[in-house]
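Trainee: Structure for the following, please:
(one chain, ligands or ions: 2)
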Amino acid sequence: MNGIADLIDPMIAFRRDIHAHPELAFCEHRTAERVANMLRDAGLEVHEGIGGTGVVAVLRAGSGSRTLGLRADMDALPIDEMTGAPWRSTRPGCFHGCGHDGHTAMLLGAALALVKDPGLSGTLHFIFQPAEEGHGGARKMIEDGLFERFPCDRVYALHNWPALPAGQIATRPGPIMGAADKFRITLSGKGGHAALPHETPDTILAAASVVQQLNTIVARGVPPSANAVLSVTEIHGGHSHNVLPETVALGGTVRTFDPLVQDRIEERIRQILRGAEAAFEVQASLDYDRYYPATVNDPQAAADALAVAQTVADARLAPEPAATSEDFSFMLQARPGAYLWLGQGCGSDSPPLHNPRYDFNDDVLETGIRLHIALARHWLQD
Ligand SMILES: [Zn+2]
Ligand SMILES: [Zn+2]
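Mentor: Ligands and ions are numbered 1, 2, ... in the order given. Modelled structure (predicted):
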């Protein structure tokens, strides 16, 4: 009997069940309970409530002293689903549009297979984390003592990746996902009559100038060899044709792969705002939040992961990092490890991650389970 093959249909059913019952950041109560119950029923030691709704299961086998963490994220997005799938979300405004339902099912499947037939020596921690989508569930688990309670010499995680062919795996040493920062700028004057501009600092004109200048930072202030993105995504100000507004607010995001470039961009924003204060007689304030660091793979762990992945599927070196971000970055700051992409084979006309029509491809679920198992057996040896 092939243990993994027998698990595929139940794991697809499980994936579709949590897809139909998605839960937002730190509210993954039903999902976490289902995961914990299935792990416990399989005979694993299970710990719940770590960093909120996080779950960790422990598998000890053989006499090996090595330890490993495999991580999946469980949260959904605040989006209305438009896939029309029979297993579509039953909850308005909540949807597994990033494939975390697939991640949860693949790691659960690996745990159920390994508990029956470990084929490894050491201690394996299955980490099911809450709140990856912008709320730092990984950091919350670490702050809650994740790695003190469940030591991990190494950590791995996968993300489903629509840009790659179905079942193809890719990773790379060094940065693989960007650091995500967000900024909020407020430009303040005193507000006044639009027909008397000489008496009122023009916060709208100041904002227009600031937006233009912010868009020169990457082009002129960052080395051409560095990767960076700055996007202004919000502008709010004014409510009447004859009033110069007292304030205008701007918002946006910065994505980088190198902390020095990140520092440089924040400093350039501050310089531009000081210039705008002088040029437009406004006051400028900046709220700059570095919410996710860059996801940086340990070179040896990435090389090991790529070699292991090649025993499971077509696996390739990813030529460049993605500018999107990931809170597994906090785990990789704490422990050496690697993050891998698992292709979904949706083609160029397919919806991207976070699109209301996106859905995890169940055809690659088996590859993901096999990859988790192979990574565990590779690292956890005597
Ligand atoms: Zn996402
Ligand atoms: Zn995701």
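Trainee: Tell me where the longest helix sits in this protein.
Mentor: helix 259-280 (DSSP state H).
Trainee: Does anything pack onto that helix? Which helices or strands?
Mentor: On a contact count with 3 or more CB pairs under 8 Å, 6 or more residues apart in numbering; DSSP states H and E, helix 259-280 meets strand 179-188, helix 203-214, helix 217-221, strand 228-237, strand 247-256, strand 283-292. C-beta: built from backbone N, CA, C; applies to glycine.
Trainee: export those to JSON lines and tack on mean neighbour count, distance to Arg91 and mean pLDDT?
Mentor: Shown next, in JSON lines, are these (neighbours: other CB atoms under 10 Å; distance: least, CB to CB, whole Å; pLDDT from 0 to 100):
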{"stretch": "strand 179-188", "mean neighbour count": "21", "distance to Arg91": "26", "mean pLDDT": "97"}
{"stretch": "helix 203-214", "mean neighbour count": "20", "distance to Arg91": "37", "mean pLDDT": "98"}
{"stretch": "helix 217-221", "mean neighbour count": "16", "distance to Arg91": "39", "mean pLDDT": "96"}
{"stretch": "strand 228-237", "mean neighbour count": "16", "distance to Arg91": "27", "mean pLDDT": "96"}
{"stretch": "strand 247-256", "mean neighbour count": "21", "distance to Arg91": "27", "mean pLDDT": "97"}
{"stretch": "strand 283-292", "mean neighbour count": "16", "distance to Arg91": "25", "mean pLDDT": "97"}
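Trainee: Give me the domain ranges for this protein.
Mentor: 3-177+295-379, 179-292 (automatic domain parsing).
Trainee: Burial-wise, tell me which of those domains comes out on top.
Mentor: Among those, ranked by average contacts under mean count of other CB atoms under 10 Å, first place goes to domain 3-177+295-379 (a mean of 20).
Trainee: want to throw the helices and strands packed on helix 259-280 into TSV with distance to Ala276?
Mentor: Shown next, in TSV, are those (distance: least, CB to CB, whole Å):
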stretch	distance to Ala276
strand 179-188	7
helix 203-214	5
helix 217-221	14
strand 228-237	14
strand 247-256	11
strand 283-292	6
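Trainee: For Asp17, find the nearest of these.
Mentor: Comparing the helices and strands packed on helix 259-280 against Asp17 with CB to CB, the closest turns out to be strand 283-292 (29.1 Å).
Trainee: Restrict the closest one to CA atoms and write it as CSV.
Mentor: This file holds the C-alpha atoms of strand 283-292, laid out as CSV (Å, rounded to 0.1, in the frame of the first residue of the first chain):
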residue,chain,number,x,y,z
GLN,A,283,4.3,70.9,7.5
ALA,A,284,5.1,67.3,6.5
SER,A,285,4.9,64.2,8.8
LEU,A,286,6.0,60.7,7.9
ASP,A,287,4.9,57.4,9.5
TYR,A,288,7.2,54.8,8.0
ASP,A,289,6.5,51.2,9.0
ARG,A,290,8.8,48.3,8.1
TYR,A,291,6.3,45.6,8.6
TYR,A,292,7.9,42.5,6.9
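Trainee: All set now, cheers.
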